[in-house]
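>>> Quick one, structure for this:
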Amino acid sequence: MKYLNKYKGIIIKKKFGQHFIDNYLIRKKIVYLVKPKYKDILIEIGPGLASLTCLFVKLVKKLFIIELDEQLSEKLCNLYFSKKLIIFQKNVLDINFNIFFNNNVLIRIFGNIPYNISTKLFMYLFTFSNIIFDMNFMVQKEVAYRLLASPGSKLYGRLSIISQYYFKISKLFFLPSIYFYPKPKVDSIFLNFTPYKKKKYYLKNSINVLSYITFLAFCKRRKILKNSLSSVITEKQLIQLNINPFLRAENVTIQQYCNIANYLL
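Numbers count the residues shown, from 1 in each chain. Next up is the predicted model:
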């Protein structure tokens with residue numbers, strides 16, 4: 001069904017992937033699941049028409065907002081509770097989240113994430129995992145399934161590996177597309193990301209080598225491992241690590257990828 005290009009006086013911009021949650025009970029459920037506390041350092045990405053913002057702002061001392069759309073930022077500035085908002089009209093990928101980390105208080109991030117930036121955004125946010133208490137996001141179900149995917153699944157890939165290296169990811173609830181305006185083509189899932197207090201997978205050093213290895217492995221995912229990783233490791237070395245060199249990228253576990261990274265380091 002076609003939809004108007006305006007909603008509640010706002011011009012909807014497809015380039016920003018704008019789909020607004022259009023149900024009060026769903027919004028209340030999200031607040032209940034996130035459980036914000038008064039002194040939380042709470043950051044909302046892409047508040048849209050502030051339908052979630054207006055509920056969260058009642059429960060915290062102040063609320064940080066990241067909104068790229070100029071018309072929506074202007075609308076936020078004119079709301080009755082705007083004095084409690086600290087608004088950044090910027091691309092979220094240009095935000096250094098370390099600016100929110102004060103007095104060793106971990107930050108909390110939430111939002112309804114557009115499909116068109118979701119993978120890039122998650123990869124970026126993961127680099128700040130050491131200052132994050134948790135993240136709670138509504139994402140399109142295909143992205144959620146990729147984040148949650150296990151080895152052996154066709155959806156298992158770099159996003160699954162890097163995200164699960166940093167975070168325990170939990171599915172909180174499923175949300176059909178009918179609860180959004182304009183109605184998207186796919187349904188969504190609300191996810192919680194909680195960093196491991198003690199890393200589940202061991203890496204000797206930074207994530208960079210793991211990130212590069214998984215990039216090579218999944219760049220041509222139908223190749224077997226000894227071919228896709230031939231530029232960095234030999235078949236003999238893979239066997240020494242007890243990794244079958246004839247496996248395809250999607251059949252290699254996160255720990256095995258970490259073992260390769262550690263060996264190269």
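
>>> drop to CA atoms for contacts and neighbour counts, all remaining ones
Fine.

>>> If residue 189 is in a bridge, with which residues?
residue 139, residue 174 (DSSP bridges).

>>> Thought residue 172 was touching it, still the case?
Yes. Counting by Cα atoms under 8 Å, residue 172 is a contact partner of residue 189 at 7.4 Å.

>>> Those two: which is more packed in?
Taking other Cα atoms under 10 Å, residue 189 and residue 172 do not tie; residue 189 has more neighbours (19 against 15).

>>> Check that one and give its pLDDT.
For residue 189, the pLDDT comes out at 97.

>>> Any figure for the gap between it and residue 148?
11 Å (Cα to Cα, to the nearest Å).

>>> before we move on, what about residue 72?
Taking Cα to Cα, one finds residue 72 at 32 Å from residue 148.

>>> Then residue 98?
Taking Cα to Cα, one finds residue 98 at 27 Å from residue 148.

>>> what packs against the helix or strand residue 110 falls within?
Per DSSP states H and E: residue 110 is located in strand 107-112. Judged by 3 or more Cα pairs under 8 Å, 6 or more residues apart in numbering; DSSP states H and E, strand 107-112 is in contact with strand 41-45, strand 132-140.

>>> mind listing what's buried in the next helix or strand after it?
Counting by DSSP H and E, the element after strand 107-112 in chain order, helix or strand, is helix 118-126. The neighbour-count check on helix 118-126 (16 or more other Cα atoms under 10 Å) flags 118-119, 122, 124-126 as buried.

>>> now stretch 82-101
82, 85, 87, 89, 92, 97, 100.

>>> Residues in a beta bridge with the closest residue to the second one other than its chain neighbours, which ones?
Same thing as residue 85. Spatial nearest neighbour of residue 85, excluding adjacent residues (Cα to Cα, 6 or more residues apart in numbering): residue 63 at 5.0 Å. Beta bridges link residue 63 to residue 42, residue 85, judged by DSSP bridges.

>>> To what extent is residue 256 buried, counted in neighbours?
Residue 256: 16 neighbours (other Cα under 10 Å).

>>> picking that back up, from what I can see the residue nearest to residue 85 touches residue 42, true?
Yes. Under the criterion of Cα under 8 Å, residue 63 makes contact with residue 42 at 5.6 Å.

>>> neighbour count winner among those two?
Higher neighbour count among residue 63 and residue 42: residue 42, with 24 against 21, using other Cα under 10 Å.

>>> Mind pulling up the pLDDT for that one?
Per the predicted model, pLDDT is 98 at residue 42.

>>> Likewise for residue 15?
46.

>>> same question, residue 180
84.

>>> Next: residue 49.
Looking at residue 49, the pLDDT reads 83.

>>> give me the number of residues near it?
Residue 49: 18 neighbours (other Cα under 10 Å).

>>> Not counting sequence-adjacent ones, nearest residue to it?
Nearest one to residue 49, counting by Cα to Cα, 6+ apart, is residue 72 at 6.7 Å.

>>> Next, count neighbours for that neighbour.
18.

>>> surely it meets residue 51?
No. Between residue 72 and residue 51 there is no contact under Cα under 8 Å: 11.9 Å.

>>> Tell me which stretches of this structure form helices.
24-34, 53-56, 70-77, 118-126, 141-148, 158-166, 208-219, 225-228, 235-240, 254-264 (DSSP state H).

>>> Out of the ones you listed, which is closest to residue 176?
Ranking the helices of the chain by their distance to residue 176 (criterion: Cα to Cα) puts helix 141-148 first, at 9.5 Å.

>>> by contact count, what packs against that closest one?
By 3+ Cα pairs under 8 Å, 6+ apart, helix 141-148 packs against helix 158-166, strand 188-195.

>>> which residues touch the first one?
Right, helix 158-166. 119, 122-123, 126, 129, 146-150, 195-196, 199-201, 211, 214-215, 218, 254 (Cα atoms under 8 Å, 6 or more residues apart in numbering).
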